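[1] Just to be clear, the model below is a prediction. Sequence and coordinates:
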Amino acid sequence: MIKIGWLYPDLMSTYGDRGNIICLQKRLQWRGKQSEIIPIDVHTSENQLKSVDIIIGGGSQDIAQEIVMRDLRGTKGKIIKSLIEKGLPALFVCGAPQIMGNYYEPAWGKRIEGLGIFDMVTKNPGKDAERCIGNVTAEVLWDNVGAPDHEPTIITGFENHGGRTYLGNGAKPFAKIIKGNGNNSEDGTEGVVYKNAIGCYFHGPLLPRNPIVADYLLSLVVGKEFSNN
Amino acid sequence: MRLVFTLLAAKFTDSIIRILSLGSGSTWPGHLALALYPNILKKITQDSDAKIILIAGTNGKTTTSLIIKSILEKSGLNVFHNEEGANLLNGITTAFIRRTSLTGSISGDVAVLEVDENSLPHVLNELIPHGIIFLNLFRDQLDRYGEVDIVAHKWRAVLSLLTKDTTVVVNADDPQLAHISRSTKAPIIPFTIDPSYFSKKEQSHDVDSTYCPECGTKLSYQSYTYSHLGDYACSKCSFTRAESMQDYSHFLSDSHLKGIYNAYNISAAVTLVKSVFTSIDTDIISALKAMKPAFGRQEVIDYKGRKVLMLLSKNPVGFNQSIAVGNDMLKDKKNRVLVCLNDRIPDGRDISWIWDVEFEQLYKEGRDIYVSGDRATSMGVRLQYCTETGNMENIHVYQDLAEAVEASVKDTSTGNTLVVMATYSAMLEVRKILVGRKLL
């Protein structure tokens, strides 16, 4: 039984982020493999959290993000960080990468400290600044992901974020923007990679829209043979 | 003089657009008038005796407006409204200009106006309504409206400006709306629906506001009607549902409308007409019996010997409610379903939300599902992920909408019903194919 850890299903699922969970479960099912969802929320025990095979996180509204951070600042955040250090596969889309970074400065209110898993910072230039909204096309940087032999992959999605993200030296971009804004509409980068954890501004259903990325993540979970099926 | 000139110019534009049957005809006259005379709405409404009713909310604005208009007309009042879709400041201005003489006086007793979520603050800057309904607040077109919390933030600010001259009718079962309505000095009348609708014990996926707006604790619900609407209370602070609420949902059985969401629409409309006006039950019942659905909202169109039931479905909560109504129809195995997804400006450019809809409920019996629209492929993929094996043999994807309509109609037995669930612009297109002319 493969255990899919889903970060705060009712707080971090702003726009179709559930699509990534459905995609992983069905792609496993179609190949005869069973999975179950472990919600990672205020009720999750440490042992449950440590048992997951992959972590998936979606977007949240600013207010929900505060509630999430209050809970993650305890031992839960430390466990997630150590799991990812050990190479656990993870995907964070939309707003989730922001709280996995060093800090996030929202449109109003004070700076929110992140978990520091990704060496990056996110700043919202103010509530009157234009949001980055629209369809995005990008090319996956498989070298950074750790799969240099992977065939070239163009991914598509939709972005909708107020914050601008800047990567530090300890993190690499996940993809190179072909069309759209990406991390900050300045440096042409999209998303972030650290070990087997991927962060991406594409929000919502990244995986069903780009099943190659889904199968890559699943191959890390169930073994190399998976990606060839 | 400037007012006369503005009205003349706007009315002239309006008649040209009408004569030539140009599109978006309901927005341009108002647009022009606002450019020439920015405070024209304030000017023409402040000295008028006409009562103004506003309807705000994510889902149900058009139907609720129509119910109110029908009841008030039955009571003998002269009512005007803004055309569906023209619910921004310019469309609302057009509605007034059509009813305003060159001397600036309004002919009509009541203006019933549906208002776009983001336009509500601008409209309330210009006029003072006698009544305003807050129906619900769900996630909808985040690329256009931003997050639900942002809309709530804006509404809270305008509510705090209202005075005792405005009666606020608010959905007691929506925790966020109930909370922001407390910021006003205006009289508040909370409404709900019959306890028998509170049948769900589990939270569904399509919720937005299930944490206490006062202290951030997870709300505890006794039961839900749909989405985050229900009987809630905070376990930590004193925030809870209103004690005294109006409920007129029993009038649903007097109408041709179906679904829990229409129980809310009717309860809201009747609460308003009974509090701001003095409508009597016999007028309410005969108005509801005679009322035809607004176009695309459970409207039935006869086509090639079949009935086509149009269910406008614009966002996750709306789509889930359409699926509930549709599944009821699809119990008859000779009925069919067509799902149409567009991603044009009125639909919202982002279609990620289809993953928040319980299409598994629609697919559950492995029934045939016809799919079309500009994003037919994406919709097909969503339905593929409802299947046990990945096999799409029951899912019929057509890139061409006319072909999809013909194929699904043909597959529907004569005399039976084709259920169409469509986003806004797709609904207009299907309607055009069925009726043979453009309506808007």
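    Received the coordinates, thanks. Numbers count the residues shown, from 1 in each chain, chains lettered A, B, ... in the order given.

[2] can we go C-alpha only for contacts and neighbour counts from here?
    Noted.

[3] so how far is the helix or strand harbouring residue A:219 off the chain centroid?
    Using DSSP states H and E, residue A:219 maps to helix A:211-222. The chain centre lies 14 Å from the centre of helix A:211-222; the measure is CA atoms, centre = their mean, to the nearest Å.

[4] Tell me who's in contact with residue 30.
    No chain was given, so I picked chain A. Residues in contact with residue A:30 (CA atoms under 8 Å, 6 or more residues apart in numbering or on different chains) are B:388, B:389, B:390.

[5] wait, chain B
    Counting by CA under 8 Å, 6+ apart, residue B:30 makes contact with B:10, B:89, B:90, B:91, B:92, B:93, B:94, B:95, B:97.

[6] mind putting those in CSV, neighbour count, pLDDT and secondary structure included?
    Listed next are the contacts of residue B:30 as CSV, based on neighbours: other CA atoms under 10 Å in any protein chain shown; pLDDT from 0 to 100; DSSP: H, G, I helix; E, B strand; the rest coil:
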residue, neighbour count, pLDDT, secondary structure
B:10, 24, 86, helix
B:89, 24, 91, helix
B:90, 22, 91, helix
B:91, 26, 92, helix
B:92, 25, 93, helix
B:93, 27, 93, helix
B:94, 29, 92, helix
B:95, 24, 92, helix
B:97, 26, 91, helix
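
[7] Which single one of those is nearest to chain A?
    residue B:89 (20.7 Å; CA to the nearest CA).

[8] Please list the residues of chain A that sit near chain B.
    When proximity is defined as CA under 8 Å from any CA of the partner chain, chain A approaches chain B at A:10, A:15-19, A:22-23, A:26, A:29-30, A:61, A:63, A:67, A:133-135, A:158, A:160, A:203-205, A:208-209.

[9] Need the buried ones from those selected in ChimeraX.
    Here is the ChimeraX selection string for the buried members of the residues of chain A next to chain B, based on 16 or more other CA atoms under 10 Å in any protein chain shown:
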select /A:10,15,16,17,18,19,22,23,26,61,67,133,134,135,158,160,203,204,205,208,209
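
[10] Next one: residue B:12 from residue B:284, what distance?
    Note on residue B:12: its distance to residue B:284, by CA to CA, to the nearest Å, is 37 Å.

[11] heading toward the C-terminus, what's the first helix or strand past the worst-scoring helix or strand of chain B on mean pLDDT?
    Lowest mean confidence among the helices and strands of chain B (mean pLDDT, DSSP states H and E): helix B:142-145, at a mean of 67. As assigned by DSSP H and E, the chain's next helix or strand after helix B:142-145 is helix B:148-159.

[12] For residue B:390, see how far away whichever residue of chain A sits closest to chain B is.
    Residue of chain A nearest chain B, by CA to the nearest CA: residue A:16 (4.6 Å). Residue A:16 is 20 Å from residue B:390, where distance means CA to CA.

[13] re the thing from before, looking at residue B:12 and residue B:284, which is more packed in?
    residue B:284 (24 against 13; other CA atoms under 10 Å in any protein chain shown).

[14] What residues does the more buried one make contact with?
    By CA under 8 Å, 6+ apart, residue B:284 lies in contact with B:71, B:74, B:270.

[15] same deal with residue B:64?
    Going by CA under 8 Å, 6+ apart, residue B:64 touches B:55, B:265, B:266, B:268, B:269.

[16] Model confidence for it, exactly?
    On pLDDT, residue B:64 comes in at 97.

[17] likewise residue A:171?
    For residue A:171, the pLDDT comes out at 94.

[18] Likewise for residue B:405?
    97.

[19] so it sits in a helix?
    Yes - counting by DSSP: H, G, I helix; E, B strand; the rest coil, residue B:405 is part of a helix.
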